[in-house]
Each structure stands twice: as structure tokens, then as C-alpha cells.
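# I would like to see how this sequence folds:
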Amino acid sequence: MTDTTSPCLVRVPRNRAPTSISIVIPCFNEEEVLPELRKRLKEVISGYPFPFEVVLIDDGSKDNTWPLICQYAHEDGFIKAIRLARNFGHQLAITCGLDQTKGEVVVILDADLQDPPELIPAMLERWNEGYDVVYGQRRTRHGEAASKRFFAFAFYRIFEKIAGLQVPRDTGDFRLMDRRAVNALQSLRERHRFVRGMVSWIGHHQIAVPYDRPERFAGTTKYPFRKSFFLAVDAITSFTYAPLRVASYLGVTTSLASFLYIVVIIILKFCDVNVAGYTSAMATILLLGGVQLMVLGVLGEYVGRIFEQGQQRPLYLIDRIAGEPLSPPDTNPVIKG
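Now for the predicted structure:
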């Protein structure tokens, strides 16, 4: 296990059970998984005397996900079902769930059972030792294509280099957080969210619990390569302006190369060396045009994010809520934007 806590912080063991626990589970077209998820959650919850709540967020599903979780909310006293007005995306569904939690300890896991609920007791042990964030770290990733594993392997290492923020490698959003860490995370209201990076940014005492990630229990992945790529873009642009700096360096380099090329052409002209100009001219034009468009694209990404943040629209809209297992926590007010 890896402790990512700053050495200047002093960890104080709690030596007690939490007063209550909230489990946040975003769902998108997960009707095939939900019965098994419910069964395994009950098995985990039954081993503890303190109150639980399971917050299931339907992120605009097209199947029977909402009727199922709404039924569970009426049949089980520990389930709270939330339906978003449309599909807002995985990271915003997690944000909605966190905003609705009331437990002293909050666990985030995916509905596909690749984040095993059976790991929660081990996470609670680390919380009891004084850690504020306990994240699941994958030793192996079963059932995933080699290309996706390589993309994940490369992303965390590249992100760490260019952003200067150490996000634990080979992790997802599967983690347990103390209420004070949740409150700190809720104060960050940017629209383009990379939750695992934001959790690393807030600090506090953090430690890993290694596990072997199983295959998806049923259905197909709801996070294909396209969504993973856009999440990577959001992560990089949310935590660093390095792409802008790279664009600047590229512009300067291209300008210098163009200037040197002009000097060479002038020298060859005075030396009466006849150079066919069509191919070289077209290559130069295409190179400069491509660089300019790429730099404009990078600028556009950041300007677009500034525009969306300036609109100050809510991060998500809730359509319906069913169930209310826990009373509000006795904590400091949460800053919301």
C-alpha cells in the first residue's frame, strides 16, 4: 500500500466506527448489473451496525435502470434513487451523488462491479487508522483490451509529468473519503471535472488499497476509448496550461525554421542556384498552416472552458429523487457554486 500523504501532516488514528456511511454509485444503462449489485451491497452492509445509505444516480439511462433503482428505493430503506434530467456524464453524476450524501464516510464505486463492494471493509480499516482518503489501486485489469490498458498506463505517467500533480497510478474513482475530504471536494465547482485528480489536489491523508480488478459482471462498457480520451483532455486542461506552453514553443520553433529557410533561399538566389519552388513552397505553406490551426485549437480548448465556466450554469439538473435514508450530517456547510 502506498501512502501519498504529505510528510508534514500528522495522522491521528480514529479507533472507532463511523457514525454513518454513504455509497455513491453512478448508473448509465445498468439494468443487467443492478440486481447483483443490490445483492452484494446488502451482504456488505449487513455486517455493520451503523446506518448506511446507497445513493444510486441514474445518468439519463435509456433502459430500465430508473424503474429498478426507484423500486429498490421503495423496497430497501437504505437506498436513495436520483434521476438526472439528462445524461450529464460520469464525473458530474459522481458530483451529484456526493452533493446528496449525508454519511460521515462516503464511498464512490461504479455499478458494473469492477469496483468490488467487498473491498469496503478493508477501506474502513484504513479510515480507522486516520486516513481521510482510501483509494482502490488496480494490480491487474481483467477483461480489458491491451490498447485500453496501455492508454491508462501512459496517461497517468504523462499527466504526472506535465501537470506536476501526483495522481495515484492505475486508479479510478473507486475510493472512500471522510466527510471533511468530501466537503473540500464539494467546494471545487469547475465544470470540466477530473474527480480523481481533484481528490489528489485537496490533499489530506491518502493511502491505497491494492486489488485485482475483475471483468465487468454483465453488459458492455459505458466508457469506451472516445470517452476515456475526452476525460484525459479534461484532466490535462483542468490542471495545467502546459499545452499552451507547448503551442508557444512550437510556434517559436516553426518561426525560426521558416526564417532560416528564407535565409537559405536568399543565399541560393544570389548564388544563381535555381531551385524548383512548387514543392518546397507547398510544403512550407502546409506546415505553417497546420501549426497555426493546431495552436488555435489548443487556445480554443481553453477559451471554450473559460466561456462555459463564465456561464455559471448548474453542473447538473435533478429530475426526481426517491428515498431519504439518512438525516443530514452535522458538519460544516458545503460551499456550492
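# can you give me the strands in the stretch 51-200 of the chain?
For the stretch 51-200 of the chain, the strands defined by DSSP state E, counting those that start in this stretch occupy 52-58, 79-84, 105-108, 133-141, 171-178.
# rank those strands by pLDDT, which is bottom?
Mean pLDDT is lowest for strand 133-141 among the strands of the stretch 51-200 of the chain, at a mean of 84.
# and that strand, C-alpha only, in PDB?
Taking C-alpha atoms only, strand 133-141 is exported to PDB below (Å, rounded to 0.1, in the frame of the first residue of the first chain):
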ATOM      1  CA  VAL A 133      -9.000   9.200   1.500                       C
ATOM      2  CA  VAL A 134      -8.600   5.500   0.800                       C
ATOM      3  CA  TYR A 135      -8.500   4.600  -2.900                       C
ATOM      4  CA  GLY A 136      -8.600   1.300  -4.700                       C
ATOM      5  CA  GLN A 137      -5.400   0.700  -6.800                       C
ATOM      6  CA  ARG A 138      -5.500  -1.900  -9.500                       C
ATOM      7  CA  ARG A 139      -2.900  -4.600  -9.600                       C
ATOM      8  CA  THR A 140      -4.400  -6.300 -12.600                       C
ATOM      9  CA  ARG A 141      -7.200  -5.300 -15.000                       C
END
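# now the angle between strand 171-178 and it, please.
Angle, strand 133-141 to strand 171-178, by axes from the mean of the first three to the mean of the last three Cα atoms, to 10 degrees: 150 degrees.
# what's the spacing between Gly300 and His192?
Here Gly300 is placed at a distance of 14 Å from His192 (Cβ to Cβ, to the nearest Å). Where you see a C-beta, it was placed from the backbone N, CA and C, and this is true even at glycine.
# out of the two, which sits in the more crowded spot?
Shown here are Gly300 and His192; by other Cβ atoms under 10 Å, His192 has more neighbours (19 against 12).
# give me the element the spatially closest residue to the more buried one that is not a sequence neighbour is part of.
Nearest-residue entry for His192: Asp234, 4.3 Å, with adjacent residues in sequence omitted and distances by Cβ to Cβ, 6 or more residues apart in numbering. Using DSSP states H and E, Asp234 falls within helix 225-239.
# got the contact list for that helix?
Helix 225-239 has contacts (Cβ atoms under 8 Å, 6 or more residues apart in numbering) with 90-91, 147-148, 151-152, 155, 159, 162-163, 165, 190, 192-194, 197, 201, 242-243, 301-302, 305.
# Is there a quick ChimeraX command that grabs whichever of the residues you listed are buried?
Here is the ChimeraX selection string for the buried members of the contacts of helix 225-239, based on 16 or more other Cβ atoms under 10 Å:
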select :90,91,152,155,159,163,192,193,194,197,201,243,301,305
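# Filter the contacts of helix 225-239 down to just the ones in helices.
Among these, the members found in helices (DSSP state H) are 90-91, 147-148, 151-152, 155, 159, 162-163, 197, 201, 242-243, 301-302, 305.
# about what we covered before: which one, of the strands of the stretch 51-200 of the chain, ends up nearest to Val209?
Among the strands of the stretch 51-200 of the chain, the nearest to Val209 by Cβ to Cβ is strand 133-141 (5.7 Å).
# contact partners of the closest one?
The contact list for strand 133-141 (Cβ under 8 Å, 6+ apart) reads 2, 115, 119, 123, 126-127, 149, 152, 168-172, 174-178, 181, 196, 199, 204-213.
# Wait, Asp76 touches Arg38, no?
Yes. Here Asp76 reaches Arg38: they are 7.5 Å apart, a contact under Cβ atoms under 8 Å.
# my guess is Asp63 contacts Cys27, does it?
No. Between Asp63 and Cys27 there is no contact under Cβ under 8 Å: 10.0 Å.
# For those two, work out which one has more neighbours and name it.
Per other Cβ under 10 Å, whichever of Asp63 and Cys27 has more neighbours is Cys27, with 28 against 15.
# give the contact list for the nearest residue to the more buried one once chain neighbours are set aside.
For Cys27, ignoring the flanking residues on the chain, the nearest one in space by Cβ to Cβ, 6+ apart is Ala111 at 4.7 Å. Applying Cβ under 8 Å, 6+ apart to Ala111 gives the contacts Ile25, Pro26, Cys27, Glu30, Val33, Leu34, Leu37, Leu56.
# Just name the closest of those residues to Tyr261, please.
Of all these, Tyr261 sits closest to Pro26, with 52.9 Å by Cβ to Cβ.
# helix, strand or coil for the closest one?
Under DSSP: H, G, I helix; E, B strand; the rest coil, the three-state class of Pro26 is strand.
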